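1. quick one, fold the following:
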Amino acid sequence: MTRDETKYLELFLHLEAYCNQRFQCQSGVRTYISALENNAWNVQQHVPSWKDTFYLLKHLNWVRNQITHPNDGYNTDIDEDIDNLQSFLRDVDNQDDPISKACRIEEEARKKAEEAQR
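-> Numbers count the residues shown, from 1 in each chain. Next up is the predicted model:
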């Protein structure tokens, strides 16, 4: 395993730990991907990065699988993947990722509905 692959896996484990905590599960990144795929919050149209993040996370998960279960077909720009993973982790840390944004939109809509009922 290369130094870059080790760095990638360390970053991915940080993301996995965050997602495990957020979704209270053991396969957090896959759960995050499923949440994006299922559009459970029905706010995809209000979060422009929704689809791009979905495809990015699928790719990042694929890279993780290629590193941990090597095969001859593995070919990716690991530096770019590390950059993308770090960028997504920053978004997560700043609660600027699609699901955090969706939760804020839902909370705002709930508050508006409550105010309208008063």
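
2. correct me if wrong: P98 contacts S49.
-> Yes: using CB atoms under 8 Å, P98 makes contact with S49 at a distance of 5.5 Å. Using the backbone N, CA and C atoms, a C-beta is placed for each residue, glycine as well.

3. C-alpha coordinates for stretch 83-93, PDB please?
-> What follows is stretch 83-93, C-alpha atoms only, in PDB (Å, rounded to 0.1, in the frame of the first residue of the first chain):
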ATOM      1  CA  ASP A  83      -8.400  16.400  -2.500                       C
ATOM      2  CA  ASN A  84     -12.100  15.600  -3.100                       C
ATOM      3  CA  LEU A  85     -12.300  13.700   0.200                       C
ATOM      4  CA  GLN A  86     -10.700  16.500   2.100                       C
ATOM      5  CA  SER A  87     -13.100  19.000   0.600                       C
ATOM      6  CA  PHE A  88     -16.100  16.900   1.400                       C
ATOM      7  CA  LEU A  89     -14.800  16.500   5.000                       C
ATOM      8  CA  ARG A  90     -14.500  20.300   5.300                       C
ATOM      9  CA  ASP A  91     -18.100  20.600   4.100                       C
ATOM     10  CA  VAL A  92     -19.200  18.000   6.700                       C
ATOM     11  CA  ASP A  93     -17.300  19.700   9.500                       C
END
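
4. any idea how far Q117 is from K7?
-> 51 Å (CB to CB, to the nearest Å).

5. cool, Q45 as well?
-> Relative to K7, and taking CB to CB, Q45 is found at 36 Å.

6. swap in N61?
-> 17 Å.

7. report the buried residues of the helix or strand of the chain with the lowest mean pLDDT.
-> Least confident helix or strand of the chain, by mean pLDDT, DSSP states H and E, is helix 98-117 with a mean of 91. By 16 or more other CB atoms under 10 Å, the buried positions in helix 98-117 come out as 98-99, 101-102.
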